[in-house]
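Trainee: Sequence plus predicted model, see below.
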Protein chains: 2
Amino acid sequence: MPVQASTDSPLRTRRGDETRKRLVTAATATLIEQGFAGASARVIADRAGVNQGLIFYHFDSVVGLLLAALDAVSEARAVRYGEAVAGVTSPMGLVDVATSIFEEDLEAGHVAVLVAMISGAASTPGLGEEVAKRIAPWTAFARDAISGALEGSPMGSVLPVDEVAYAVVALYLGMEMLTELDGDRGPAEALFSRAGTLAGLLMAFGGSAPGFPAAEAGS
Amino acid sequence: MPVQASTDSPLRTRRGDETRKRLVTAATATLIEQGFAGASARVIADRAGVNQGLIFYHFDSVVGLLLAALDAVSEARAVRYGEAVAGVTSPMGLVDVATSIFEEDLEAGHVAVLVAMISGAASTPGLGEEVAKRIAPWTAFARDAISGALEGSPMGSVLPVDEVAYAVVALYLGMEMLTELDGDRGPAEALFSRAGTLAGLLMAFGGSAPGFPAAEAGS
DNA sequence: GTCTATACTTGGATAGAC
DNA sequence: GTCTATCCAAGTATAGAC
């Protein structure tokens, strides 16, 4: 791993930065399209158009690069989540935002990266722990969205937030796997619109949540 | 692939059968513990205590063996499902049986085999289609159980059986991934007891299902 | 600091022995 | 029909050039 980006040669680090960026991008794409088992040093390096050995210089190992790719996706998503939640006031609005953002995640392949890394963790000692850390943004976001939607609903007493959040994240991972398997995004899409219906139903039962207009954001 | 088990030498096929069985067992265990990426010919053969080349003689390729392992698990499960459903009369009983059977699947690692093969499908051309075929028992069983539980419930009109079945299977796969990741089976267990509560709630709303005693099987 | 050419290891597959 | 010894490709990693 290159350590010092010392004062006298900023141009040299430029080239390194470019290489690292290309590798992370290629690694992400490879994880999405070929999964963990298909993400070898040679395949990724070819895709990035760089020498295969650079992976070990810049990231120590293939797994190191894959974790960097997961980092990039996770951080980008955490930022996106923060932005999206900022403009929301009502519980129903939160549900709308959450479903559309999660749909975005599935579509763009962010969940595919997660799935690939989790399944890869089974074969690589110590990887599981590292991956677990990086799932925090997703879990936290799910918990926030659900917590907002559940309070004021009669279901709030029978459905603990943590359990529902766990179930939602699991549901996402599973939907991604099934979608990859048969190449059909249809069932997953159908579940999204269904989620909106159900959430509306729950809210209607609850009634007296503060600041609750009839309908918020579209779709 | 060995074709004819001809009349004159039944002893010879015995040895082959034994080898095949050992390989399938070892492949299953390896998929559960190491995932698809860790299921190499050498690792599996070592575990089975046989020469690595036998995999290619008996199953053509490593993937061929892994599919045979998936076949064995799928068929065993289909039988188990049939037995379990046979002794059930009420919708609530069906829900009880389904949850306890699915819990059994998670515990024994059957879902882990599924997860491993699905994630492996991303890296191996043509494998996805083969895996998809073999998931049929699970999907069908889920659909039957849900269909029985949903009719007579007011949710039946707003929740199509196919969608719920898809969601349940996805939920299973996702729970398995999360369980593998942090090694904690707790959240999944919690969701199972929660499922019982929810199903009971739905039934209570529906009321007039035919043959509906207060409570059926235990747990 | 960055990169390339090369060494070494593991994995898939088969020719030929029994 | 069953199995073993052997081959070749692909994968990871590093020594050394720039």
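Mentor: The structure has been received and is ready for your questions.
Trainee: need the contact list for the closest residue to A:Asp162 other than its chain neighbours.
Mentor: Among residues not flanking A:Asp162 along the chain, A:Arg143 sits closest, at 6.9 Å (Cβ to Cβ, 6 or more residues apart in numbering or on different chains). Backbone N, C-alpha and C define where each C-beta goes, glycine included. The contact partners of A:Arg143, by Cβ atoms under 8 Å, 6 or more residues apart in numbering or on different chains, come to A:Val161, A:Asp162, A:Ala165.
Trainee: Can you tell me the element the second one falls in?
Mentor: Pointing back at A:Asp162 there. Assigning secondary structure by DSSP states H and E places A:Asp162 in helix A:161-182.
Trainee: Can you list the helices and strands that that helix packs against?
Mentor: helix A:91-108, helix A:110-121, helix A:136-150, helix A:186-206, helix B:110-121, helix B:127-134, helix B:161-182, helix B:186-206 (3 or more Cβ pairs under 8 Å, 6 or more residues apart in numbering or on different chains; DSSP states H and E).
Trainee: Buried residues in it, which are they?
Mentor: The neighbour-count check on helix A:161-182 (16 or more other Cβ atoms under 10 Å in any protein chain shown) flags A:161, A:164-181 as buried.
Trainee: swap in stretch A:52-69?
Mentor: A:Leu54, A:Ile55, A:His58, A:Phe59, A:Val62, A:Val63, A:Leu65, A:Leu66, A:Leu67, A:Ala68, A:Ala69.
Trainee: which one of those residues is nearest DNA strand D?
Mentor: Lowest distance from DNA strand D to the buried residues of stretch A:52-69 (Cβ to the nearest atom of the strand) belongs to A:Val62, with 4.1 Å.
Trainee: Starting from DNA strand C, give me the distance back to that closest one.
Mentor: Going from A:Val62 to DNA strand C by Cβ to the nearest atom of the strand, to the nearest Å gives 13 Å.
Trainee: How about A:Gly186?
Mentor: 33 Å.
Trainee: low pLDDT regions in chain A?
Mentor: A:1-12, A:205-219 (pLDDT under 70).
Trainee: Tell me the residue of chain A that sits nearest DNA strand C?
Mentor: Taking Cβ to the nearest atom of the strand, chain A has A:Gly16 as its residue nearest DNA strand C, at 2.2 Å.
Trainee: Just list the residues touching the residue of chain A found nearest DNA strand D, thanks.
Mentor: Chain A approaches DNA strand D most closely through A:Gly53 (2.6 Å), counting by Cβ to the nearest atom of the strand. Under the criterion of Cβ under 8 Å, 6+ apart, A:Gly53 has no contact partners.
Trainee: Give me every residue in chain A lying close to DNA strand D.
Mentor: A:Ser40, A:Ala41, A:Arg42, A:Val43, A:Gln52, A:Gly53, A:Phe56, A:Tyr57, A:Ser61, A:Val62 (Cβ under 7 Å from any atom of the strand).
Trainee: wait, the first one sits on A:Val62?
Mentor: Looking back up the chat, that one is A:Ser40. Yes: in this structure, A:Ser40 is within contact of A:Val62 by Cβ atoms under 8 Å, at 6.9 Å.
Trainee: that older thread, how about TSV for the helices and strands packed on helix A:161-182, with distance to B:Arg20 added?
Mentor: As requested, the helices and strands packed on helix A:161-182 are exported to TSV (distance: least, Cβ to Cβ, whole Å):
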stretch	distance to B:Arg20
helix A:91-108	40
helix A:110-121	27
helix A:136-150	42
helix A:186-206	36
helix B:110-121	17
helix B:127-134	18
helix B:161-182	27
helix B:186-206	33
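Trainee: Would you agree A:Tyr166 is in contact with B:Met177?
Mentor: No: A:Tyr166 sits out of contact with B:Met177 when judged by Cβ under 8 Å, with a separation of 11.7 Å.
Trainee: quick one on the thing from earlier: so of the buried residues of stretch A:52-69, which ones are in helices?
Mentor: Mapping the buried residues of stretch A:52-69 onto helices (DSSP state H) picks out A:Leu54, A:Ile55, A:His58, A:Phe59, A:Val62, A:Val63, A:Leu65, A:Leu66, A:Leu67, A:Ala68, A:Ala69.
Trainee: For A:Leu127, state which of those is nearest.
Mentor: Nearest to A:Leu127 among those, counting by Cβ to Cβ, is A:Val63 at 6.1 Å.
Trainee: List the contacts of stretch A:30-39.
Mentor: A:27, A:43-44, A:47, A:62, A:66, A:69, A:109, A:112-113, A:115-117, A:119-120, A:123, B:36-37, B:119-124.
Trainee: Quick one, which of those residues are buried?
Mentor: A:27, A:43-44, A:47, A:62, A:66, A:69, A:109, A:112-113, A:115-117, A:119-120, A:123, B:36-37, B:119-124.
Trainee: between the host helix or strand of A:Glu33 and helix A:110-121, how many degrees?
Mentor: A:Glu33 belongs to helix A:10-34 when assigned by DSSP H and E. Relative orientation of helix A:10-34 versus helix A:110-121 (axes from the mean of the first three to the mean of the last three Cα atoms, to 10 degrees): 90 degrees.
Trainee: Buried residues of helix A:10-34, list them for me.
Mentor: Result for helix A:10-34 [16+ other Cβ under 10 Å]: buried residues A:19-20, A:22-24, A:26-34.
Trainee: which element follows that helix toward the C-terminus?
Mentor: Trace forward from helix A:10-34 with DSSP H and E and the next one is helix A:41-48.
Trainee: Can you spell out which helices and strands pack onto that following helix?
Mentor: Using 3+ Cβ pairs under 8 Å, 6+ apart, helix A:41-48 is in contact with helix A:10-34, helix A:54-59, helix A:62-86.
Trainee: repeat that for 7 Å
Mentor: helix A:10-34, helix A:54-59 (3 or more Cβ pairs under 7 Å, 6 or more residues apart in numbering or on different chains; DSSP states H and E).
Trainee: what's in contact with the last one?
Mentor: Here helix A:54-59 makes contact (Cβ atoms under 7 Å, 6 or more residues apart in numbering or on different chains) with A:Thr19, A:Arg20, A:Leu23, A:Ala41, A:Ile44, A:Ala45, A:Val62, A:Leu65, A:Ala68.
Trainee: So A:Leu106 versus A:Val24, what's the distance?
Mentor: 21 Å (Cβ to Cβ, to the nearest Å).
Trainee: One more: A:Ala199?
Mentor: Relative to A:Val24, and taking Cβ to Cβ, A:Ala199 is found at 36 Å.
Trainee: Can you measure across stretch A:122-141, start residue to end residue?
Mentor: With Cα to Cα, to the nearest Å as the measure, stretch A:122-141 spans 25 Å from end to end.
Trainee: Now do the helix holding A:Asp162: distance to the chain's middle.
Mentor: 12 Å (Cα atoms, centre = their mean, to the nearest Å).
Trainee: what does stretch A:28-46 give?
Mentor: With Cα atoms, centre = their mean, you get 18 Å for stretch A:28-46.
Trainee: Then stretch A:108-117?
Mentor: On Cα atoms, centre = their mean, the centre of stretch A:108-117 falls 7 Å from that of its chain.
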